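A.B. asks: can't give you the sequence, but here's the structure:
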Ligand code: F6R
């Protein structure tokens, strides 16, 4: 997830922003307008920032560097009438100056900013072998493809026509803005990544979200997938399949703060709702469903996986529960012993064989001190180490032998939500890769797991569509004395995660248990004032779990269950339908538990995005 912004209009340095009434309160040059837009988009990533500015006599000026937007010094281009900018959240290539956007063609005449992933960039780059590439990014193929299209014998030497041609070559997701020296337009294309156009009086805007230009105009047009648009000061032309189309102009009524959160009151709820797109990004270009294989772009020394004796996952909090889910998958799919340890408790231990052990750190931030400590102890013992993280360039990636990125996009809310789903999905792909390599998983069984994964984003969307039902349940039970979450098998980590989510944002007492353990002690706590929330899906031994739920109900506890679609447990007080997605069904159930936690906390007016006493990244041991 990156942020992009573009502006084209009549505002010049010193004009005081008099291009339109709407811009009157927003003085500054094109560079300043783009820079302010980038500041508003920084929540989408802040690994690097860059701008390209152009004016009638000054040509195209590009400036970019690693680091936050404030570290970028925007060049002074006095006659600039257009500019595009980018703030990066790295997916391909570390956060360096060279990898910062905009990227340019060989001559430096075309500049492009991009949000998304070009999945076929390696093939395209091979095709463009006579072009000079200066970065490790997937994006850089785009300006070079535009350069080719502009020079093609059967082409038009026109930026808009060139972008139309290039669009057909790109696989994956993108929102791009392209500018060209001597051309007074910004050309925009969209497939799968968000982009919105802003319509001022003598100016046009484009951005990843409206916050970037809300101070200038509230009149916006959302592009549809496959649309290409040409922006000029006079307005916007939009094309679909090469033909001009009209798209509605809507007026934004949100205030800037809400708009940054996409209209949601809290980042956490926004991030819960982002899970289908985050998961799509996690899986993009990695599943070979027909072939029953995955491409995670990770490699191990020859023979290492075949001889593997044990996978030891080290992690904290939510990442630890993702690890608990994954350990079951490694055992089942990869036929290898898998253990999970709380990172702060981890020691390599005697009696284990370092050269036949893979220690996997699961960490959203890649900076958690406890997890880094565990990895350092594993490295010192001589084990092979691996990280599953959301954060390119984070400390953990520098200390392990290999990394898989979960690509969930920045998570601002302190409570982890979308990254949990993306971590488990990434670890599930790793389990398939290891299982296939070891010959423990047949192609047919792998295909079935990959189909489940492929269905997960849609299943999560179906759960999100039931949010009203969860809100009602949260209202009904919010004043309970305590909440117990139960499940079996893959339902256990989800029950533990459900309880963690509720306690950390609502401050209510909540505990997760393996359902079978209730009767060994916790049942003493059960009363009519302690609802039990159960994971009753595939992969979670639903019937046995329901027996334990019934034991709690007999003691008066209300029971709420996340139940596989098509199954029914008549005695439940509330039943949430979970779509059929096989081995990842408990992950879809988890989204109900996230929503439940969110709505209980919201009813109580808690500081949901920044719960008391907590921090997003815990960098102390
Ligand atoms: C809970 C939560 C924390 C983190 C934990 C590990 O919602 O976010 O429990 O999961 O602090 O953080 P990372 O994954 O960054 O290592």
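C.D. replies: Noted; the coordinates are in hand. Here the structure is a predicted model, which means the values were calculated and not measured. Numbering: from 1, shown residues only.
A.B. asks: which residue, neighbours along the chain excluded, lies closest to the one residue in the chain that gets nearest to the ligand?
C.D. replies: As assessed by CB to the nearest ligand atom, the ligand sits closest to residue 317 within the chain, at 1.8 Å. To be clear about C-beta, it is placed using only N, CA and C from the backbone, and glycine gets the same treatment. Distances taken as CB to CB, 6 or more residues apart in numbering place residue 500 nearest to residue 317, at 6.7 Å, with adjacent residues excluded.
A.B. asks: hang on, the earlier thing: phi, psi of the residue of the chain closest to the ligand?
C.D. replies: phi 50, psi -130 (degrees, to the nearest 10).
A.B. asks: burial measure for it, as a count.
C.D. replies: 22 (other CB atoms under 10 Å).
A.B. asks: flag every residue of the stretch 501-621 of the chain that's near the ligand.
C.D. replies: Residues of the stretch 501-621 of the chain lying near the ligand by CB under 6 Å from any ligand atom: 504, 617, 618.
A.B. asks: just the buried residues of these.
C.D. replies: residue 504 (16 or more other CB atoms under 10 Å).
A.B. asks: let me know the closest of the residues of the stretch 501-621 of the chain next to the ligand to residue 194.
C.D. replies: Distance to residue 194 across those (CB to CB) is lowest for residue 617, with 25.7 Å.
A.B. asks: and the strands in the stretch 451-600 of the chain?
C.D. replies: 483-487, 510-514, 532-536, 559-564, 574-578 (DSSP state E, counting those that start in this stretch).
A.B. asks: apologies, that question was intended for the stretch 1-150 of the chain.
C.D. replies: Under DSSP E, counting those that start in this stretch, the stretch 1-150 of the chain gives strands at 3-9, 48-55, 59-66, 82-88, 103-104, 110-118.
A.B. asks: can you give me the angle the last one makes with strand 48-55?
C.D. replies: Note on geometry: by axes from the mean of the first three to the mean of the last three CA atoms, to 10 degrees, strand 110-118 and strand 48-55 are set 140 degrees apart in direction.
A.B. asks: how far away from the center of its chain is stretch 173-193?
C.D. replies: 23 Å (CA atoms, centre = their mean, to the nearest Å).
A.B. asks: now do stretch 611-621: everything it contacts.
C.D. replies: 316, 344, 365, 367-370, 373, 411-412, 414-415, 504-505, 507 (CB atoms under 8 Å, 6 or more residues apart in numbering).
A.B. asks: ChimeraX command for the buried members of these?
C.D. replies: In ChimeraX, this line selects whichever of the contacts of stretch 611-621 come out buried by 16+ other CB under 10 Å:
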select :316,365,367,368,369,370,411,412,414,415,504,505,507
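A.B. asks: quick check: the farthest pair among the contacts of stretch 611-621?
C.D. replies: Largest pairwise distance in the contacts of stretch 611-621, by CB to CB, is 28.6 Å, between 373 and 507.
A.B. asks: residue ranges with poor pLDDT in the stretch 501-621 of the chain?
C.D. replies: 619-621 (pLDDT under 70).
A.B. asks: run the last query once more with 90
C.D. replies: 610-621 (pLDDT under 90).
A.B. asks: now swap in the stretch 51-200 of the chain and tell me
C.D. replies: 56-58, 67-68, 78-79, 88-95, 116-117, 153-157, 172-173, 191-195.
A.B. asks: so which of the contacts of stretch 611-621 are in helices?
C.D. replies: Residues of the contacts of stretch 611-621 located in helices (DSSP state H): 369, 370, 373, 504, 505.
A.B. asks: picking that back up, how many neighbouring residues does the residue nearest to residue 317 have?
C.D. replies: Residues near residue 500, counting by other CB under 10 Å: 23.
A.B. asks: quick check: it touching residue 512?
C.D. replies: Yes. Between residue 500 and residue 512 there is a contact under CB atoms under 8 Å: 7.3 Å.
A.B. asks: leaving out sequence neighbours, find the closest residue to the spatially most central residue of the chain.
C.D. replies: Against the mean C-alpha coordinate of the chain, by CA atoms, centre = their mean, the closest residue is residue 408 at 2.0 Å. Using CB to CB, 6+ apart and skipping residues adjacent in sequence, the residue nearest residue 408 is residue 422, 3.8 Å away.
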